[in-house]
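# what would the 3D arrangement of this be:
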Amino acid sequence: MVTLYVAGQPVGTWAEAEKLFAEAAKTQAVEFRDEHGRVIATSVPGAEPIIPWEPDVTREEIEDRKAEPGLTFEEVKKRLGWE
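Model (predicted):
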């Protein structure tokens, strides 16, 4: 049996994990432990941003950027002064 732990305290079973994990994982580390109390996996909120070199970007902004037209390789070379 796998148990969900939040802040080191058991909060529910694997069957209840979906709801519990969705709420708790937003603000604190969550662990999955086996019946012996050994940690199987840990989830840390905000451990790594979506784009490490631009940590404040949101998923909505990423989608907006993806919808914009891109540049051709020739245009990039011109902007970089390679031509």
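
# contacts, neighbours, all on C-alpha from now
Noted.

# can you pull out the helices in the chain?
For the chain, the helices defined by DSSP state H occupy 17-24, 59-67, 73-79.

# deepest of those, which one?
Comparing the helices of the chain by mean neighbour count (mean count of other Cα atoms under 10 Å), helix 17-24 ranks first with a mean of 14.

# from the contact counts, what lies against that helix?
On a contact count with 3 or more Cα pairs under 8 Å, 6 or more residues apart in numbering; DSSP states H and E, helix 17-24 meets strand 3-6.

# centre of the chain to the strand it packs on, how far?
Offset of strand 3-6 from its chain centre (Cα atoms, centre = their mean, to the nearest Å): 19 Å.

# same thing with stretch 19-26?
13 Å.

# got the helices of the chain as a markdown table, with mean pLDDT and distance to residue 9 columns?
A markdown table is the format used below for these (pLDDT from 0 to 100; distance: least, Cα to Cα, whole Å):
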| stretch | mean pLDDT | distance to residue 9 |
| --- | --- | --- |
| helix 17-24 | 72 | 12 |
| helix 59-67 | 91 | 31 |
| helix 73-79 | 94 | 53 |
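
# okay if I get the ones you listed as CSV plus distance to residue 31?
Formatted as CSV, the helices of the chain follow (distance: least, Cα to Cα, whole Å):
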stretch, distance to residue 31
helix 17-24, 9
helix 59-67, 25
helix 73-79, 45
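
# which of these sits closest to residue 39?
helix 17-24 (15.1 Å; Cα to Cα).

# so where is this protein shaky, pLDDT-wise?
Within the chain, the ranges that satisfy pLDDT under 70 run 1-2, 14, 17, 46-47.

# tell me which residues touch residue 44, please.
25, 28-30 (Cα atoms under 8 Å, 6 or more residues apart in numbering).

# now residue 20
Counted by Cα under 8 Å, 6+ apart, residue 20 has contacts 11-12.

# numbering from 28 from now on, please.
All set: I'll call the first residue 28, so the last point we hit is now residue 47.

# gap between it and residue 65?
19 Å (Cα to Cα, to the nearest Å).
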